[in-house]
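1. A structural model of the following input is requested.
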Amino acid sequence: MRFTVIAPALTGLLIGVVAPVPAQQPVGEFYFFERSDRSTGGDRSSITTVAEEGYVSGAGGLTVHCADEGLELVVSASYLGRDMSIPVSYAFGDEEPRAASWSLRRTGMAAVAPRDVMLGFLDRAVLESSVVFGLSDFQMRRHTYTFHLAGLDSALSLLSCR
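-> So this is what the prediction gives:
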């Protein structure tokens, strides 16, 4: 029986050819992920940043992604509950927090902004350096996440659905 040895330097190259991974690139504090939905052929590209508190509470992500209806703004968190919606607040700098009811994903771990909130948020966020989000879970525990926004405008420009 004969075995062929492949040079270690070529192994990564061959794996990349056999199993392509979605494109990922850093843009400021964000990561851009280029994806497509194989079932519909639609664009599922996204940009994501992680909260500075994420390592403490185990969660905290701010994502803007391409969805069927266009852009969608999502804040992921620890388990929040099973309700259909959840109160979410955010504030830039020393401003008073803006609060609204956001839809809760079925997993109970992510809140999706209403379209008007998302548009207002993005218009303002590209001008700011950070934002603080507050969400309360089903046990009324408050989860607070600070997201740094450097590179947001450039990252948004990479989303083809914008």
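2. helices of the chain, start to end?
-> Here the chain has its helices, by DSSP state H, at 8-18, 54-57, 115-125, 152-157.
3. hey, least reliable of the ones you listed by pLDDT?
-> Confidence, taken as mean pLDDT, is least for helix 8-18 of the helices of the chain (a mean of 41).
4. residues contacting the closest residue to Gly70 other than its chain neighbours?
-> Computed as C-beta to C-beta, 6 or more residues apart in numbering, the closest residue to Gly70 that is not its neighbour in sequence is Cys161, at 5.7 Å. To be clear about C-beta, it is placed using only N, CA and C from the backbone, and glycine gets the same treatment. Listed by C-beta atoms under 8 Å, 6 or more residues apart in numbering, the contact set of Cys161 reads 43, 45, 66-67, 70-71.
5. closest to Gln24 out of the residues you listed?
-> Nearest to Gln24 among the contacts of Cys161 is Ser45, at 10.7 Å by C-beta to C-beta.
6. tell me which residues form a beta bridge with Thr144?
-> Beta-bridge partners for Thr144, by DSSP bridges, are Gly134.
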